[in-house]
Structures are given as structure tokens and as C-alpha cells.
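# sequence and predicted structure below; questions after.
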Amino acid sequence: MSDIFEQSESVSVPADASEVVLEVKGVTKSFGPLSVLRGIDLFLRPGEVLGLVGDNGAGKSTLVKILSGYFAPDAGQISMKGRDVRFKSVEDATAHGIETVYQDLALIPQLPVFLNLFLNHEITHFGPLHLLDKRKMRALTRQYLDDINVNLSNINAEVGQLSGGQRQAVAVARATRSNADILLLDEPLAAMGARESRLIIDLVRGLASSRRVSMIIIDHNFAHLFELCDRVNVMQGGLITINQLTRETSLEQLTELMVSSYRRQIQAAAS
Amino acid sequence: MPEVVTSPAGPQSPAGPSSPAGSPSEPPAGGLRRYLWRAFVAQREVTPTLITIGLLIFFAVKSANFLTVLGLNSAAGFAGPIGAIAVGEVFVLVLGEIDLSAGQVFLFSPWVMYWLWQIGVPVGWAIAASLIVCIGIGAINGLITVYLNVPSFVGTLATNFILFGLVLIFSDDTEATPVPGALPPQTSSITPHVGLFGQLIGVWQWSEIIWVVLIALVVQFVLRKTRFGVRVVATGGNLLGASEAGVPTRRVKIMCFVICSFLSGLVGIVDAVKYGTLDPGNPGVNFILYAVGACVIGGTALTGGRGTVIGAFIGAILIGVLEAGLNVIGVSTNDFFVYIGVIMIIAMSLNGWLDRLAARTRSG
């Protein structure tokens, strides 16, 4: 795709395999006659926050579902730290250190914070009886939330009672608790006020810098991406068309790039 | 009370009697009295308990015959079957599903036991086999819901009809006496040679209600204290989210239908032995509607994600007390249906009011 846009050294795939936690090469996916992904190339550095933008139907969600093990790609390769991987299931991707926070957050509103944090990984005792060790889960929840600077006054509160930002924080905390190397976030700042957004922005930046968690963040909102991300990839029509470091570009430049790339596509489709 | 609802958020009790009495690190904000009040309004069993106590007092005042062994046994007799079915039904309701066949399973399982006993199977084995049949019915209900994507309301309504039809066909539409030889029914006056097993399985007049109490306690424990209980709430509270988190939601659903059928069938046998007759024309729909009513009165939401077994049991007791009490004070049984309807509406609106109060107390 290098003919479409200018690419500086800093945004090309690093030669050193240890500097790449995730690389995607030529991934395609079709649903029946509909070709959603037409050859995706992307990479992710350790501790990097990569933003993924694009119109509805550009294939962002499909790409995330492939990376999280939900769909299998039709063709192409995924490699982690230089080794080719193939995810058989979501659990398989999780075992490889990839966790996903979906837009719906996958939280259970009727369960308290600490049980949501341990959902499907509950600490139990008495062997096959699987009695919940609530005391231990509460203690670990407090400790972990302190670690990542998430301040929730009451971990016994049902998640349904929390604000949108707090819920998002719980979802991110759950994903990173199991020591995920790579976190996929789907619109983490959607429908959030400024104060709430701050909570998540600080959390994401903190996780990226201190814990060396790498993240791919999907968002429609450029302003969010500039707050959160080191680098932005733009998806259009099943391809990645723009790859830019946020510090080397501006909101205006990126918008312009997107518009002109979109025009080229329209012209190409018309001719 | 107003100062309670506007006080800062303090300890929070999730619904259910097993909720922790707050964590030590979160001291009650407004003293013990307010703390107790908050814990009180968070319990969904409050409404049916208050109504039941009110009814007990009302009937006791109205008639001296009510608070006697005979009167209470009559209430327990009404509450037993409803409670047994309701307790199992809570699992399915927490999933956001419903099992309309449980009442028919309750009536079907003693028939299976009877038919097996007739062809020479020893009573113990006949009971075990009929319970396995109940587990199978539950599994079929679950599989139809999960894999054929038939709404459980429809799927279990269908199994309900099938079971009713099977009883009519195989019984030749004639009444039967379950296991007359080995386990004489209670109505023929308790004979001294009935062993402990017979007493426990229904001959002793209190055995059924005790079965139901024990089952309710065990099931409540499972729902609140085990991983399986968390999975049931998760599946009912957010199906997609639970499966994204890796909860085996299909297996959880099938298990809940199995539990519901199994418990209904188990107490169905106890009930049949207690009363000594099997009537093929008795439709299970009667039982299931009372049972769902008991769950709802007890504070279980039909929308899934929330439910209390103890509440369902108390709801069943409420219905039993109401039915027996109206009998004792000489009110026509026809009036019973009007009363039960009115009480359901009162209980539901009180539950809603308590929910809002609890939410405000928490977040206020």
C-alpha cells in the first residue's frame, strides 16, 4: 500500500523481531460475497498504543475479532514476537496474551465489581465443589485496582450501579489482570464525559508506559485517538491506508489525508 | 427515612440473605440503625415475608383452628408442591428463561416410578430411574432452547403437553395408587411397618415440606456461593458478555433446565406417596403458574439476572397460607383466585418500591 501514502522510517515495521509484539501480514476475510478485509498489514511495538480509525463497514471490528480469536482469517499471517500464531478460539488468543474489551464491555450488571473482575476465573476452594473464595477475590481486586491507580470506592457495588467510566475501568482492569501483553479496546471513550474520559486516558497511558501492555484502540473520534495513541492506522474499504505517528501529525493533517485518500478510492471505483 | 436515602453511599449488600454484612474497610456511614435499614431494604425477601406474617396473624385471629397442626399441615400441603417447583424454577428464571413443563414433570415422575414398579422393578430402583427420566426431560428442554433456538416459553410448553399426553395414554386414563405394597400411602393411616425410607419419601406428613426446605437451602447456597451460581447470574444478566468472557453459557442453560426438572420430579414422587393417588387428568399447568407466581412474589425478575430461592420458597408459603387460611375461615375457594391476584400486584409494587429505595440508599 506504500504507493498510496508517504511512510516515514518511524512507522515502518522494525527489523528487530523483539521490537514487534504483533504483526499482521496480508490478512483477508470475506463473509459470503462480501469482502470485508482485503489484505491487512499492521504491526505493534511493545508498550505502544495504536489507534485504528475508519468508517462504519471499513472492517475494524472484523479485524479486531480476528485478532481476538473470534474469527479465523481466510488468508494471511499473524505473528507474535516473530513467531507465527493461529488462534483456534478466543481462549486460545487469551492464552497467547491477547485480551479484548468489547464495546458492550462484557460485564454483568447484577454482579459486584470483584466478581466481574474474576468472571470465569473465579478463585474457589473445596475442589470440585467450586465454592467461591470471596474474601480472597475482594483482597486481590483491591490490590490490583490500587496497582493500576483505579479508584473505586466500593468493590462490592453491583457494576450496574457504576458510571460509564468506572465500568470501562473495570473492564480494562479485568482484561489486564491476567497479565495480557496485548489489549484490544473497542471505543473505550464512547459516550463519556470529560472527567470520565480522563480516568480511562490515564489508565491506558499508565498501563502502556508502566506495564508494557501494548494496545490497539478502535475509535471513530480523532480527538480521542490523539489523546490515547502513539500511532494511528486508518482503515478504508478493508485496507489500511494511512499509518502515522500522532506526534508527527496533527488532527487537521490526518483528516486531510483521510479525505484525499477517500477521494482517490471514490475516483478509482468510478473509473 | 428521608435522611437515610440522602446519606452518602455506604456499604452495599447485593440481594440475597447471604450477602456479606459489609466489609470491614467500609464502615456504615450513618450508624448501625441506618446500616441495618439499608441491609433490610436490599433484601428482596422482605415483602413476601411481611405479607405472610400478616396473613398468619389475620387467619390466627379469625379462626382458632388455623394455628393448629391440622391447619399448618394443610398450608404446608399447598405450599410443598408449589415451593418445590418454584425453587427449581428460580434457576431457569435467573437465566431469563422459563420452564413451563416443571409442573407436569412433578406429576409425570411418580407415574414413571409406578409403571416401573408394576413391571417388577424394586421401588428404590424405580425412583432412581424416574429421576433419571426427569433429568433427561430437563436436558431435552435445555437442548431445544439452546440448539434449536426455540424460545423456552414455547419449547417447554410443548414438552408440557407431550408429558400430559403420555400420562393419559399409558395410564389408560385411570387413577392409580403409587407403590401400594412397599410404601402404603399416608391416607391409609400410618402403619408401624413403614421403614425410615418410606417415611422420608413421603409417608410422614411433614416430609414433603422438609424436603422442600432442605432443597431451597441447598439451592440458595449453590446460587450465592458457588462458581456455578455466578455463571447462572452472568448468563442471565448479560448472555453475550458472559460468553465473551468465556462462560460456557449453553452448558449453564442446559444444567439449569436439568436442575429444575430433577427437583420437580423428586418432590413429585414425595408428593404422590404422601397423597397416595395419581390422577392422570391432573394438569401440571396449575402447579407451574402458582410456582412462577411464588417466584415473582418472592422477588425474582422474569427478565433474568436476579433471583432468590428463599424468596421463591417464602412466596410458596404465602400462597399455601392464603389457600389454607381461606379454607379455615370458611371463604369460598372461588374467592381464593381473586385474593392471590390482588396479593401478587401488592407484592410486585412493594418489590419495585423497595428496589428504588435500595438503589437510592446505595447511590444517594
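Perfect, I can see it now.

# the stretch 1-150 of chain A against chain B: which residues are in contact?
A:90-91, A:94, A:100, A:102, A:104-112, A:115, A:119-120, A:122, A:124, A:129-132, A:134, A:138, A:142 (C-beta under 8 Å from any C-beta of the partner chain). C-beta here means a position set from N, CA and C on the backbone, and glycine is covered the same way.

# so which of those are in helices?
A:Val90, A:Glu91, A:Thr94, A:Leu115, A:Lys134, A:Arg138, A:Arg142 (DSSP state H).

# burial count for the last one?
So that's A:Arg142. Residues within reach of A:Arg142, counting by other C-beta atoms under 10 Å in any protein chain shown, total 16.

# flag every buried residue along stretch A:222-233.
A:Phe222, A:His224, A:Leu225, A:Phe226, A:Glu227, A:Leu228, A:Cys229, A:Asp230, A:Arg231, A:Val232, A:Asn233 (16 or more other C-beta atoms under 10 Å in any protein chain shown).

# stretch B:216-236 now?
So for stretch B:216-236, counting by 16+ other C-beta under 10 Å, buried means B:216, B:219-220, B:222-236.

# cool, stretch B:156-168 as well?
In stretch B:156-168, counting by 16+ other C-beta under 10 Å, buried: B:Thr156, B:Leu157, B:Thr159, B:Asn160, B:Phe161, B:Leu163, B:Phe164, B:Val167.

# and what of stretch A:171-185?
Buried-residue list, stretch A:171-185, by 16+ other C-beta under 10 Å: A:171-177, A:180-185.

# report the two of those residues separated the most.
The distance between the two most remote of the buried residues of stretch A:171-185 (C-beta to C-beta) is 17.6 Å, for A:Ala171 and A:Asp181.

# so where's the stretch 1-150 of chain B uncertain?
B:1-30, B:35, B:38-42 (pLDDT under 70).

# no wait, the stretch 101-250 of chain A
A:211-212.

# all helices for it, in order.
In the stretch 101-250 of chain A, the helices defined using DSSP state H, counting those that start in this stretch lie at A:113-117, A:134-147, A:164-177, A:194-210, A:222-228.

# point out the most buried one among those.
Ranked by mean neighbour count, those are led by helix A:113-117 with a mean of 26 (mean count of other C-beta atoms under 10 Å in any protein chain shown).

# going by length in residues, pull out the top helix of chain A.
helix A:251-270.

# just the buried residues of that one, please?
A:Leu254, A:Leu257, A:Met258, A:Ser261.

# how about A:Gly160, what does it touch?
A:Pro109, A:Gln110 (C-beta atoms under 8 Å, 6 or more residues apart in numbering or on different chains).

# what's the neighbour count on residue 32?
I went with chain A, as the question did not name one. Around A:Gly32 there are 5 residues (other C-beta under 10 Å).

# that answer is for a different chain, and I need it for chain B
8.

# tell me how far it lies from A:Leu189.
42 Å (C-beta to C-beta, to the nearest Å).

# just A:Ile155 next, same as before
Taken as C-beta to C-beta, the span from A:Ile155 to A:Leu189 is 23 Å.

# neighbour-wise, which of the two wins?
Per other C-beta under 10 Å, whichever of A:Ile155 and A:Leu189 has more neighbours is A:Leu189, with 26 against 22.

# I'd say the more buried one and A:Phe222 touch.
No: A:Leu189 lies out of contact with A:Phe222 (C-beta atoms under 8 Å); the separation is 11.7 Å.

# might you quantify the distance of stretch A:22-42 from its chain's geometric centre?
Remark: stretch A:22-42 is offset 17 Å from the chain centroid, using C-alpha atoms, centre = their mean, to the nearest Å.

# picking up where we left off before, show me what the longest helix of chain A is packed up against.
helix A:222-228, strand A:231-236, strand A:239-245 (3 or more C-beta pairs under 8 Å, 6 or more residues apart in numbering or on different chains; DSSP states H and E).

# what about A:Ser35, which SS state?
strand (DSSP: H, G, I helix; E, B strand; the rest coil).

# give the bridge partners for it, please.
Here A:Ser35 sits in beta bridges with A:Ser30, as judged by DSSP bridges.

# after the host helix or strand of A:Leu63 comes which helix or strand?
Taking DSSP states H and E as the criterion, A:Leu63 maps to helix A:60-67. Sequence-wise, the next helix or strand downstream of helix A:60-67 (DSSP H and E) is strand A:75-80.

# so which other helices or strands are in contact with the following helix or strand past that next one?
Per DSSP H and E, the first helix or strand lying C-terminal to strand A:75-80 is strand A:83-85. Counting contacts by 3+ C-beta pairs under 8 Å, 6+ apart, strand A:83-85 packs against strand A:75-80.

# taking the mean pLDDT, what do you get for the strand it packs on?
For strand A:75-80, mean pLDDT is 92.

# pull out the buried positions in it.
Buried residues in strand A:75-80 (16+ other C-beta under 10 Å): A:Gly76, A:Ile78, A:Ser79, A:Met80.

# surely the first one and A:Leu42 touch.
No: counting by C-beta under 8 Å, A:Gly76 does not reach A:Leu42; the two are 10.9 Å apart.

# got any residues that touch both of the two?
Joint contacts of A:Gly76 and A:Leu42 (C-beta under 8 Å, 6+ apart) are A:Val24.

# got the contact list for the spatially most central residue of chain A?
When C-alpha atoms, centre = their mean is applied to chain A, the residue found nearest the centroid is A:Leu184 (1.8 Å). Applying C-beta under 8 Å, 6+ apart to A:Leu184 gives the contacts A:Val64, A:Leu67, A:Ser68, A:Ile98, A:Glu99, A:Thr100, A:Val101, A:Met215, A:Ile216, A:Ile218.

# same check on A:Ala270?
Per C-beta under 8 Å, 6+ apart, neighbours of A:Ala270: none.

# repeat that for B:Val150.
Applying C-beta under 8 Å, 6+ apart, the residues contacting B:Val150 are B:Ile144.

# again with the one 5 residues further on
Under the criterion of C-beta under 8 Å, 6+ apart, the neighbours of B:Gly155 are B:Asn141, B:Ile144, B:Thr145, B:Leu148.

# over to B:Gly80?
So, once contact is read as C-beta under 8 Å, 6+ apart, B:Gly80 ends up touching B:Glu208, B:Ile209, B:Trp211, B:Val212, B:Val267, B:Asp271, B:Ala316, B:Gly320.

# ok, now A:Leu199?
A:Val150, A:Gly165, A:Gln166, A:Gln168, A:Ala169.

# quick check: the first one touching A:Leu203?
Yes: with contact defined as C-beta under 8 Å, A:Val150 and A:Leu203 form a contacting pair (6.4 Å).

# now the spatially closest residue to B:Ala272 that is not a sequence neighbour: which helix or strand?
Of all residues not flanking B:Ala272 in the chain, B:Pro110 sits nearest, at 3.4 Å (C-beta to C-beta, 6 or more residues apart in numbering or on different chains). Per DSSP H and E: B:Pro110 is located in helix B:102-118.

# list the helices and strands that helix packs on?
helix B:69-94, helix B:123-147, helix B:152-170, helix B:249-275, helix B:285-297.

# quick check: angle from it to helix B:123-147?
140 degrees (axes from the mean of the first three to the mean of the last three C-alpha atoms, to 10 degrees).

# and B:Gly299, how far from chain A?
13 Å (C-beta to the nearest C-beta, to the nearest Å).

# report how many residues lie close to that residue.
29.

# ok, B:Cys295 next?
31.

# what's it in contact with, if anything?
B:Ala86, B:Glu89, B:Val90, B:Leu93, B:Gly307, B:Gly311, B:Ala312, B:Gly315.
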